[in-house]
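S.K.: sequence and predicted structure are below.
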Amino acid sequence: MFVVRATKKLRDRLGPVTLQPGDAPTTRLGEWYATVWFWNPQLALFVNEATLLPVVMPLAPAATLLRRFPDHLRQVLVAHDVPPAFITDELAHMREARLAPTASRSVLGIMNEFTFMAENARADSLPFDPTDLMTLSKWLANTPCSPLFTRHTTPAGELEALVLR
């Protein structure tokens, strides 16, 4: 089981909180945070609480977002050269999702920074197409994040360290 701690504007689209007292994620990556980007088309930004790894994916249809997320996560993990055994094990634990409200202001701050960067990437002429969601996810994952400065500096570095443990 995996837990998605969604912002209110995303929970309004996904439905009620389903996390029960005592529920805990069974994945190695732990809990995910998510919000909606009101772009055209609308997107969802997921950020892993432990590594701050971002995953950007289409929001529509919102009713299936949590069921579709593991496949998008698989693509991002493959793009980061995560070993197939880790990916298989992680996704095996993601057959069931629980929705919860956000709980960490630090992760919300990182999500706001990623949002700001992505919006600026759309406006600037970058060496990649910011509508390519995989490339955008990888670009954001290589951003130095202050909560990671004493460890591995970037979400990509933190993911690599977690996978190699």
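M.R.: Structure's in. What do you need?

S.K.: look at Val36 and give its secondary structure.
M.R.: Classification of Val36 by DSSP: H, G, I helix; E, B strand; the rest coil places it in strand.

S.K.: beta-bridge partners for it, please?
M.R.: Beta-bridge partners for Val36, by DSSP bridges, are Ala44.

S.K.: from His80, how far out is it?
M.R.: 24 Å (C-beta to C-beta, to the nearest Å). The way it works is simple: take the backbone N, C-alpha and C, and place the C-beta from them, glycine included.

S.K.: which helix in the protein runs the most residues?
M.R.: Counting by DSSP state H, the longest helix found in the chain is helix 105-123.

S.K.: that one - contacts with which helices or strands?
M.R.: Secondary-structure packing of helix 105-123 (3 or more C-beta pairs under 8 Å, 6 or more residues apart in numbering; DSSP states H and E): strand 32-37, strand 43-48, helix 133-141.

S.K.: any buried residues in that helix, and which?
M.R.: Burial within helix 105-123, assessed by neighbour count using 16 or more other C-beta atoms under 10 Å, is assigned to Val107, Leu108, Ile110, Met111, Glu113, Phe114, Met117, Ala118, Ala121.

S.K.: which ones are touching Val163?
M.R.: Val82, Pro83, Phe86 (C-beta atoms under 8 Å, 6 or more residues apart in numbering).

S.K.: mind listing what the second one touches?
M.R.: Right, Pro83. By C-beta under 8 Å, 6+ apart, the contact list for Pro83 reads Val163.

S.K.: tell me how far it lies from Glu90.
M.R.: In terms of C-beta to C-beta, Pro83 sits 11 Å off from Glu90.

S.K.: so how many other residues sit close to the residue nearest to Gly157 when sequence neighbours are not counted?
M.R.: Nearest residue to Gly157, sequence neighbours excluded (C-beta to C-beta, 6 or more residues apart in numbering): Leu148, at 7.2 Å. By the criterion of other C-beta atoms under 10 Å, Leu148 has 18 neighbours.

S.K.: and if you look at Val82?
M.R.: Using other C-beta under 10 Å, Val82 is surrounded by 19 other residues.

S.K.: the closest residue to it other than its chain neighbours: which element?
M.R.: Using C-beta to C-beta, 6+ apart and skipping the chain neighbours, the partner closest in space to Val82 is Val163 (5.4 Å). Using DSSP states H and E, the element containing Val163 is helix 155-164.
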